[in-house]
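> what would the 3D arrangement of this be:
(one chain, ligands or ions: 1)
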Amino acid sequence: MRELAQRHGTPLYVYSAATLAERFAALRAAFGAAAHICYAVKANPNLTLLARLHRLGAGFDVVSGGELLRLQAAGLPTDGVVFAGVAKQPWEIAAAVAAGILFFNVESPHELPLLAAAAAGGGRPVRVALRLNPGVDAGGHAYISTARTDTKFGIGLPQAGAVVEAIAREPRLELCGYHVHLGSQVRQVEPYRLALDRVCEFVDAAAVRREGITHYDLGGGFGIAYGQGEPLDVAAVAAAVLPTLTARGWRPVLEPGRHLVGDAGILVTAVLGEKRQDHTTFLLVDAAMNDLLRPALYQAEHPIVPVVATPLPPRAVDVVGPVCETGDFLARQRPLPPLPRGELLAVLGAGAYGASMASNYNSRCRPAEVLVDGDRAQLVRRRDTLPQLFQNEVDLHEA
Ligand code: LLP
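Sure, this is the predicted structure:
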């Protein structure tokens, strides 16, 4: 790790190809060969990781034209892609129709005329799955809980019947499935079963809701441990939903993001110094909220460990970065030993929603990213350079 940090600098994201493959294999074993596992690109859209996941057998869940373009830029097939998103734009719909994706997850009636127009332009029917909002509270942080009826996501069951009928009236659209995404970092099995039960009840109420249905997309959200408690038992989720899906002839589609890449990544950061203020000891490090936003945004707790163990006794410290906000912390009151300047810390569970949510706030460069595969370490994203940060700004002399 020291060598990687020396070669590429810090803060540095480091990913493990072995963990990625292990997680994918576990999900495949739980859900079986028939399941279509669509990796949620938003969790970590690095092109090399996308290519690795494709090689493992993944399709992809995208939520923007940009994510679709990433797949195309990586030279990956798009026929296994599902496209969700509550406010898709006409150009994104047209691009996905042209790419020939598996299906669209329709979240709002306003999409139907856009999809029909794109289908007419593309000269072939477009497959859609309806994203239902079953009104299930799957727990977790409010910002990432999506299947309660007070969120913007999906179509509530009382309104969904009319949307199915509107799709049935549109000859260029084919309803091929239903989609439910409960939210993220879900640790309980029960919400997955409850959501499926509600969808079945909805479907059984009218023949038009059943015709042509081939897929049930149970979304993602599979929680990982982050060093506390148990991760979601994905085999138990499979056991809870597969009998119903098999009985109905619905192929399972999954959209895991965090489950596949979360534990496959760490953020390596170097100690810059230490400072005591009032009763708090601050450990100053070179990674900040712009590199890993989760602690600041969701009060997420990532385990943090020294890269080289030290025998010195730990004391509670706030691990903070250089960004000028009190909310810029990686951890608060965390037991860590005293560490001299230059020592490295690893923030664990940082593979999902770490690099993908990084920003240039405070005119800081987003970190480099490295993929480790056996004894080989490959740079998969160069660190931003400072001139890149303002290269899109207008020419000062013309302004
Ligand atoms: N499918 C849909 C429709 C989604 O909206 C999401 C995530 C996923 C799948 C993948 O969820 P996962 O398996 O990764 O939990 N930035 C937040 C997480 C936001 C998740 C948004 N949607 C975080 O850092 O916790």
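> for stretch 185-192, measure first residue to last.
13 Å (C-alpha to C-alpha, to the nearest Å).
> element containing residue 165, please.
helix 157-169 (DSSP states H and E).
> check which residues of that helix are buried.
Neighbour counts over helix 157-169 (16 or more other C-beta atoms under 10 Å) mark 157, 160, 163, 164, 167 as buried. C-beta here means a position set from N, CA and C on the backbone, and glycine is covered the same way.
> so what's the closest residue to residue 43 other than its chain neighbours up against?
Excluding the flanking residues, the one nearest residue 43 by C-beta to C-beta, 6 or more residues apart in numbering is residue 257, at 2.9 Å. Contacts for residue 257 (C-beta atoms under 8 Å, 6 or more residues apart in numbering) come out as 39, 40, 41, 42, 43, 44, 61, 184, 220, 352, 353.
> likewise for residue 355?
Residue 355 sits next to 13, 44, 46, 265, 366, 367, 369, 381 when contact means C-beta under 8 Å, 6+ apart.
> touching, the last one and residue 368? I think so.
Which is residue 381. Yes - with contact defined as C-beta atoms under 8 Å, residue 381 reaches residue 368; the gap is 6.1 Å.
> which residues do the two both contact?
Residues touching both residue 381 and residue 368 (C-beta under 8 Å, 6+ apart): residue 13.
> what about these two, which has more around it?
residue 368 (21 against 17; other C-beta atoms under 10 Å).
> tally of neighbours for the nearest residue to that one once chain neighbours are set aside?
Spatial nearest neighbour of residue 368, chain neighbours left out: residue 383 (4.0 Å); criterion: C-beta to C-beta, 6+ apart. Per other C-beta under 10 Å, the neighbour tally for residue 383 reads 17.
> again, but for residue 154
Neighbour count of residue 154, defined by other C-beta under 10 Å: 28.
> who's the closest residue to it other than its chain neighbours bridged to?
Among residues not flanking residue 154 along the chain, residue 133 sits closest, at 3.2 Å (C-beta to C-beta, 6+ apart). Beta-bridge partners recorded for residue 133 (DSSP bridges): residue 156.
> separation between residue 133 and residue 245?
20 Å (C-beta to C-beta, to the nearest Å).
> what about these two, which has more around it?
When neighbours are counted by other C-beta under 10 Å, residue 133 and residue 245 differ, and residue 133 comes out ahead with 25 against 21.
> hmm, back to that, quickly note the distance from the residue nearest to residue 43 to the ligand.
3 Å (C-beta to the nearest ligand atom, to the nearest Å).
> kindly report the same for residue 118.
For residue 118, the distance to the ligand equals 20 Å [C-beta to the nearest ligand atom].
> residue contacts, that residue?
90, 93, 94, 97, 126.
> interface residues of the stretch 151-300 of the chain facing the ligand?
The stretch 151-300 of the chain comes close to the ligand at residues 181, 184-185, 219-222, 255-259, 294, 298, as judged by C-beta under 6 Å from any ligand atom.
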